[in-house]
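Trainee: after the sequence you'll find the predicted model.
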Amino acid sequence: MSEITRVPAGLYGVAVSETGISRSASDGSLVFRGYGIKDLFEKASFEECAFLILEGHLPTKGELDDFTSNLRAHWPLPTNVYQIIKAMPRDSHPMDVVRTAMSGLGANEHSLSPKEQQYSLVAKMPALVANCYRIVRGMEVMEPEEDMNFAWNLLYMLTGKRPDAFDAWAFERELILYLEHDLNASTFTVRVVASTLADVYAACTAGAAALKGPLHGGANEAAMQMLLEIGSPEKAAAYLQESLSKGRKVMGFGHRVYKKVDPRAQLSKGMLKTLLEHRHADDKLYRLADALEQAMWQAKRIPANLDFYAAPIFYTLSLPIETYTPIFAASRVTGWVAHYNEQLAENKLFRPDSIYTGPNDLSYVPIEKR
Ligand SMILES: CC(C)(COP(=O)(O)OP(=O)(O)OC[C@H]1O[C@@H](n2cnc3c(N)ncnc32)[C@H](O)[C@@H]1OP(=O)(O)O)[C@@H](O)C(=O)NCCC(=O)NCCS
């Protein structure tokens, strides 16, 4: 093997695999399988985009019907996954419960074919995410409704109320934005686990573990808590100054790839405005987010990311803050599964090197002499 060379911290700017699934670029563009995110956000359904991500092309009507009915057939959660969820402490964060339930699902479904396992995992995410939250918070179990789609059902089961068509449509737009994003930390994790030839549940459970952190998927919950703490647009600039002067990260800002604009954040910002207008609601939350975004840009030239604007949309839709990262997971599982398959199609075990910086030439000292 050639001499070990040091690579940038956090693999900054290093390509570790090829992918045909999606591409984010520093110019603020994002494509899923060649289609621009704005086009999909404005025109497509979640199910169409999920098919596109998984199968590589937009579905025909027949393919979409088959895909949708195949997902429906896999909706119900096995009884012992409910038992696992019920055994979790009542003060668990729902994301911990989701991660555990995904792992439990894998133990249940080891005898399914690989393709069926993937459909099952994607299809079960709305009921799994919603009931992980509901059960640990002492609410009754809810099941998806037969004739409704992924987004409607997830919103319905999380809020416990039948959403109107506009709310479900707005929520679906955010799920499309969360579907896939090339080699982010959780997707890279999934590919590393896939490269060991572990099953899809193992890989996606690991992805969920990586997603929870506040530098990744956990940022949407942290961003909402921060917006509530700031409270009003007039206080945004002072809050920002104080945070930066104390060296604190401002949640929902910054991105490894997008240094000027995150296209998903800008689409979400427009959606937040539309949603508030549609409800004839006070636009204070929009003005607050906008004021913070502008202050951050002036101070540090760091743009808002998707999590920053998805959070107030979820809040406006009456979704509990602790479910925001699980919602991200419900959508992103589809991207993870596509990357799992792509990794296996031309697999090579991920096993990077490291540069040893510890001591050498020490001799064992018996315990009584230490
Ligand atoms: C996402 C994130 C981890 C990207 O990290 P990265 O690619 O390593 O960031 P960069 O190297 O471009 O950061 C450049 C500088 O901006 C700072 N910075 C980046 N994001 C920041 C933020 N949200 N708040 C304050 N400072 C930030 C960094 O600390 C760094 O400062 P330094 O040069 O003085 O050390 C980072 O922006 C972050 O922690 N954001 C907050 C969490 C978040 O919203 N995550 C969701 C991402 S979609």
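Mentor: In hand now; what should we look at?

Trainee: pretty sure residue 325 sits against residue 214.
Mentor: No. Taking C-beta atoms under 8 Å as the definition, residue 325 is not a contact partner of residue 214, at 9.1 Å. Heads up, the C-betas are built off the backbone N, CA and C, glycines and all.

Trainee: not counting residues beside it along the chain, what's closest to the closest residue to the ligand within the chain?
Mentor: Residue of the chain nearest the ligand, by C-beta to the nearest ligand atom: residue 254 (2.0 Å). With sequence-adjacent residues excluded and distances taken as C-beta to C-beta, 6 or more residues apart in numbering, residue 254 is closest to residue 302, at 5.0 Å.

Trainee: same check, this time on residue 219
Mentor: Using C-beta to C-beta, 6+ apart, the closest residue to residue 219 is residue 307 (4.1 Å).

Trainee: residues from the stretch 151-300 of the chain in reach of the ligand?
Mentor: 215-216, 219, 249-256 (C-beta under 6 Å from any ligand atom).

Trainee: can you report how many residues lie near residue 92?
Mentor: 18 (other C-beta atoms under 10 Å).

Trainee: tell me the spacing between residue 238 and residue 297.
Mentor: Residue 238 sits at a distance of 16 Å from residue 297 (criterion: C-beta to C-beta, to the nearest Å).

Trainee: so the two - more neighbours on which side?
Mentor: residue 297 (15 against 11).

Trainee: wait, that one touches residue 290, no?
Mentor: No. Under the criterion of C-beta under 8 Å, residue 297 is not in contact with residue 290, lying 10.7 Å apart.

Trainee: name the nearest residue to the residue nearest to the spatial centre of the chain, sequence neighbours excluded.
Mentor: Compute the mean C-alpha point of the chain, and by C-alpha atoms, centre = their mean the closest residue is residue 328, 3.2 Å away. Leaving aside its sequence neighbours, residue 328 sits nearest to residue 217 (C-beta to C-beta, 6+ apart; 4.5 Å).

Trainee: can you tell me the SS state at the one you found?
Mentor: Counting by DSSP: H, G, I helix; E, B strand; the rest coil, the backbone at residue 217 sits in coil.

Trainee: re earlier: got the phi and psi for the residue nearest to residue 254?
Mentor: phi -110, psi 130 (degrees, to the nearest 10).

Trainee: report how many residues lie close to it.
Mentor: As a burial measure, residue 302 scores 17 neighbours (other C-beta under 10 Å).

Trainee: hmm, residue 72 is touching residue 124, no?
Mentor: No. With contact defined as C-beta under 8 Å, residue 72 does not reach residue 124; the gap is 11.2 Å.

Trainee: for the two, indicate the residue with more neighbours.
Mentor: Ranked by neighbour count (other C-beta under 10 Å), residue 72 and residue 124 place residue 124 first, with 25 against 16.

Trainee: look at that one and report its pLDDT.
Mentor: Looking at residue 124, its pLDDT reads 98.

Trainee: check residue 2 too.
Mentor: The model reports residue 2 with a pLDDT of 63.

Trainee: right, I'll call it a day here.
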